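[1] Here's my sequence, what's the structure:
(2 chains)
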Number of protein chains: 2
Amino acid sequence: MIESKNNEKIKYYRKLRDKKYILKEKKYIVEGYHLVEEAIKKGVALEIILLSGKEYKTNLNTIYVSEEVLKSISLLETPQSIMAVVKLEKNDILGNKIVILDNVSDPGNVGTIIRNSVAFDIDSIVFTNNSVSPYNDKVIRASQGMIFHINIIEDSIENIFNKLKEEKIKIYVTSLIGKDLKNIVKENKYAVVFGNEGSGVSNYSLENADENIKIEMNESCESLNVGVSSGIILYEFKVK
Amino acid sequence: MIESKNNEKIKYYRKLRDKKYILKEKKYIVEGYHLVEEAIKKGVALEIILLSGKEYKTNLNTIYVSEEVLKSISLLETPQSIMAVVKLEKNDILGNKIVILDNVSDPGNVGTIIRNSVAFDIDSIVFTNNSVSPYNDKVIRASQGMIFHINIIEDSIENIFNKLKEEKIKIYVTSLIGKDLKNIVKENKYAVVFGNEGSGVSNYSLENADENIKIEMNESCESLNVGVSSGIILYEFKVK
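    Residues are numbered from 1 along each chain as shown, chains lettered A, B, ... in the order given. Have a look, this model is predicted:
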């Protein structure tokens, strides 16, 4: 059992809570039984960190730690007794069905969009440089572990639009001034851009997209939550 | 300006943060500029409570209070400088398009469902006895003020099902074992039941509903957030 917060392994785990190290080491940490199990199921868990005294059946290497050490690694106010070190798997292959997060900033919304994307067969989610990090602890939790099931790409909006245009994938943006979702032509290869909760998609996206869509709604309601609108739009593209 | 937390008016406002008094007095309090403006727009604001030194243009009676007094009324960690006393308007008329919350417990999800319901032309939302209160401060905030735009009913699931059956309104429940949303017949008069985040709809609802629907999704994804699934289902009923 490791009881010292200054143990080299523990110091390394703490570094893995920082985006810079996550990308360098290609590893990150997830907390709690549900996420640990999802990571194991998906084959991305590398190592288990377990509170001393607890038991967990696994073939993976298990590191037992004291409560104080566990707390020093955790980002939660009340840490659960288990964590896993997970390998960051990603590639640059976009696929045919893509979601682009253009400055989406709320981790809960991003987690919900990840969950919706897995539900409706999206191949890749692109995080633009100004969106919240996909490896943010709150994003991972809100995704309910669905982040292990989808390819994550981080790139600039300009680069990604250029790639999509080269591959002739139609780019749809969502805004309050677009065409009715029900009536637009839904291609088999598509990228859908979701924008910031307050200010919507960027001007670059608006100007360079192929089609601008909106969800028709009662005039009393100004807008939907971006997690909800992404669910409706991705569902419509799937079942069209 | 009122500077004493023991002032009778201030004591009364504090009571209005409690569900029992809200229902008795038919008044509740909302916090922050956005909600105050939505309440005024909808004609339900009765009185403004404003931090002394701030200005707010309104024909409504305005009570100026000290920061300490404001804090004593607020449920927020960092109170905004404005609140409104709002009249609780509701009636028992169900309408033709109804949402039923069967033990939905997360205030953020309930707020999102209220917002979706206004967006997609629902007449009434029924809160069953075991759901979170519609006048919970977090619900009101998550609804972004949309709660002022829809009729709220609180009743038992048994009573409401009996009324719906009398009025020949078809009852749909959502579960993981229903028929594909895309293929079910969507009536013009409908009630849709959404269940608890963990355990789904109650057995009573499952057994007594007319139709059981589910959203087809990728098998990697166990379920959607109930805010998202309500958005998809209510959209589909609207545009069918």
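
[2] Show me the longest strand that occurs in chain A.
    strand A:170-180 (DSSP state E).

[3] List the residues that contact the residue nearest in space to the middle of chain A.
    Within chain A, one residue has its C-alpha closest to the average C-alpha position: by CA atoms, centre = their mean, that is residue A:134, at 4.3 Å. With contacts defined as CB atoms under 8 Å, 6 or more residues apart in numbering or on different chains, residue A:134 is in contact with A:110, A:114, A:125, A:127, A:147, A:152, A:154. (Each C-beta comes from the backbone N, C-alpha and C, glycine too.)

[4] hmm, try it at 7 Å
    If you count contacts by CB atoms under 7 Å, 6 or more residues apart in numbering or on different chains, residue A:134 has them with A:127, A:147, A:152.

[5] Thought residue A:126 was touching the last one, still the case?
    No: under the criterion of CB atoms under 7 Å, residue A:152 lies out of contact with residue A:126, with a separation of 8.2 Å.

[6] quick one: which of these two has more around it?
    Ranked by neighbour count (other CB atoms under 10 Å in any protein chain shown), residue A:152 and residue A:126 place residue A:126 first, with 26 against 18.

[7] For chain B, see how far away that one is.
    Plainly put, residue A:126 is 19 Å away from chain B if you go by CB to the nearest CB, to the nearest Å.

[8] coming back round to it: what does the helix or strand following the longest strand of chain A contact?
    Heading C-terminal from strand A:170-180, the first helix or strand you meet, by DSSP states H and E, is strand A:190-195. Contacts made with strand A:190-195 from outside it, assessed by CB under 7 Å, 6+ apart, are listed as A:97-104, A:113, A:164, A:169-174, A:201-202, A:205, A:209, A:226, A:230, A:233-234, A:237.

[9] about what we covered before: helices or strands up against the longest strand of chain A?
    The criterion is 3 or more CB pairs under 7 Å, 6 or more residues apart in numbering or on different chains; DSSP states H and E, and the helices and strands that strand A:170-180 contacts are strand A:190-195, helix A:203-208, strand A:211-214.

[10] a markdown table please, covering those and showing mean neighbour count.
    What follows is those, written out as a markdown table (neighbours: other CB atoms under 10 Å in any protein chain shown):
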| stretch | mean neighbour count |
| --- | --- |
| strand A:190-195 | 25 |
| helix A:203-208 | 15 |
| strand A:211-214 | 18 |
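
[11] As JSON lines, these with mean pLDDT would be great.
    What follows is the helices and strands packed on strand A:170-180, written out as JSON lines (pLDDT from 0 to 100):
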{"stretch": "strand A:190-195", "mean pLDDT": "97"}
{"stretch": "helix A:203-208", "mean pLDDT": "96"}
{"stretch": "strand A:211-214", "mean pLDDT": "96"}
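
[12] got a markdown table for the ones you listed, with distance to residue A:33 too?
    As requested, the helices and strands packed on strand A:170-180 are arranged in a markdown table below (distance: least, CB to CB, whole Å):
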| stretch | distance to residue A:33 |
| --- | --- |
| strand A:190-195 | 30 |
| helix A:203-208 | 39 |
| strand A:211-214 | 39 |
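
[13] Wait, residue A:139 touches residue A:132, no?
    Yes: here residue A:139 reaches residue A:132: they are 6.2 Å apart, a contact under CB under 7 Å.

[14] Which one's more surrounded, the two?
    residue A:139 (23 against 19).

[15] Wasn't the more buried one part of a helix?
    Yes: remark: residue A:139 belongs to a helix, assigned using DSSP: H, G, I helix; E, B strand; the rest coil.

[16] Can you give me the distance of it to residue B:90?
    When distance is defined by CB to CB, to the nearest Å, residue A:139 is 38 Å away from residue B:90.

[17] and what of residue A:137?
    When distances are taken as CB to CB, residue A:137 and residue B:90 turn out to be 40 Å apart.

[18] The two: which has the busier surroundings?
    Summary of the neighbour comparison: residue A:137 and residue B:90, criterion other CB under 10 Å, with residue A:137 having more neighbours (18 against 14).

[19] For that one, which non-adjacent residue is spatially closest?
    Closest residue in space to residue A:137, ignoring its immediate chain neighbours: residue A:75 at 4.6 Å, by CB to CB, 6 or more residues apart in numbering or on different chains.

[20] where in chain A is pLDDT low?
    Residues of chain A that meet the criterion pLDDT under 70 are absent altogether.

[21] What residues does it have near chain B?
    A:112, A:115-116, A:118-121, A:146, A:149, A:182, A:215, A:217-218, A:220-221, A:224-225, A:227-228, A:231-232, A:235, A:239 (CB under 7 Å from any CB of the partner chain).

[22] and with 8 Å instead?
    If contact is defined as CB under 8 Å from any CB of the partner chain, the residues of chain A in contact with chain B are A:108, A:112, A:115-116, A:118-121, A:144, A:146, A:149, A:182, A:215-218, A:220-222, A:224-225, A:227-229, A:231-232, A:235, A:239.

[23] Among the residues you listed, name the ones in helices.
    Under the assignment DSSP state H, these contribute A:108, A:112, A:115-116, A:118-119, A:227-229, A:231-232, A:235, A:239 to helices.

[24] okay, those residues in JSON lines with neighbour count and distance to residue A:11 next?
    Written out in JSON lines, the entries for these read as follows (neighbours: other CB atoms under 10 Å in any protein chain shown; distance: CB to CB, whole Å):
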{"residue": "A:108", "neighbour count": "17", "distance to residue A:11": "30"}
{"residue": "A:112", "neighbour count": "27", "distance to residue A:11": "34"}
{"residue": "A:115", "neighbour count": "28", "distance to residue A:11": "33"}
{"residue": "A:116", "neighbour count": "30", "distance to residue A:11": "37"}
{"residue": "A:118", "neighbour count": "26", "distance to residue A:11": "34"}
{"residue": "A:119", "neighbour count": "27", "distance to residue A:11": "38"}
{"residue": "A:227", "neighbour count": "27", "distance to residue A:11": "36"}
{"residue": "A:228", "neighbour count": "28", "distance to residue A:11": "41"}
{"residue": "A:229", "neighbour count": "26", "distance to residue A:11": "42"}
{"residue": "A:231", "neighbour count": "29", "distance to residue A:11": "41"}
{"residue": "A:232", "neighbour count": "25", "distance to residue A:11": "45"}
{"residue": "A:235", "neighbour count": "26", "distance to residue A:11": "45"}
{"residue": "A:239", "neighbour count": "16", "distance to residue A:11": "49"}
